[in-house]
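Engineer: 3D, please:
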Amino acid sequence: MAELIKDVSAEQDGTQVAVQIHDLRKKYFNSEEPIVLEQNMDQDPFIQFDKWFKNVAAQTEMSFEEVNAVNIATCVNNKPSSRMVLLKEYSSQGFTFYTNSVSKKGQDLNINPNAAMLFYWPKVDRQIRIEGVVSVQDDQIALNYWNKRPLASRISNMLSEQSSVVPSRQYLEDKKLELEKLAKEHGAAAITKPKHGLDTP
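Structural biologist: The predicted model follows:
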């Protein structure tokens, strides 16, 4: 890790700039559960996740955090990559999130469906790691979710050409105006789910 930090901190002239953060300290303490005792844990990991997730979601002072935000890590050619997404559903069958299949994560998962998830809730000093194989659900499920999304969210998704270079910001602004005009003239249903988007692993 020290070498990684050195590499990232290298300046253009080749000198190494070490950023010292050894003294950063935080006291980790969850008053509701100061000690995690094995006998208090449910044998079913999904039930335990449900308890912890609902506990965090019920804490109103955590409104500034998105409790369903989760880091998704993929790996192709031994090169890991991670990003934040939003969990939309969970059950004993698995955890559901939506992604653009032509994005980097979508392409990564198409090549290697093994992935890892990490929930981090600093307010309660807790993180949960989950590993598994990602599969794509029926397209009708993704379509049902798309139809529930607010108009602004649909337009935003249509603008998002993930993992690709756009000509300019003006290109996005013009495209946004076109989609807003289309929705105004023909209704929100005119903003249809793209064929490449919103797969449901």
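Engineer: name the nearest residue to the most centrally placed residue in the chain, sequence neighbours excluded.
Structural biologist: Closest residue to the average C-alpha location of the chain: residue 85 at 1.4 Å, with CA atoms, centre = their mean. Excluding the flanking residues, the one nearest residue 85 by CB to CB, 6 or more residues apart in numbering is residue 97, at 4.7 Å. Quick note: C-beta positions are derived from backbone N, CA and C, even for glycine.
Engineer: ok so, going back, what's in contact with whichever strand or helix holds the residue nearest to the centre of the chain?
Structural biologist: According to DSSP states H and E, residue 85 maps onto strand 79-91. Residues from elsewhere that reach strand 79-91, judged by CB atoms under 8 Å, 6 or more residues apart in numbering: 46, 49-50, 53, 66, 68-75, 95-99, 104-105, 108, 119, 145.
Engineer: and residue 143, how many neighbours?
Structural biologist: Residues contacting residue 143 under the criterion other CB atoms under 10 Å number 14.
Engineer: distance of it relative to residue 98?
Structural biologist: Counting by CB to CB, to the nearest Å, the separation of residue 143 from residue 98 is 11 Å.
Engineer: and residue 27, by the same measure?
Structural biologist: Residue 27 sits 37 Å away from residue 98, going by CB to CB.
Engineer: quick one: which of these two has more around it?
Structural biologist: Between residue 27 and residue 98, residue 98 has the larger neighbour count (other CB under 10 Å), namely 21 against 5.
Engineer: can you pull the pLDDT of residue 81?
Structural biologist: pLDDT, residue 81: 96.
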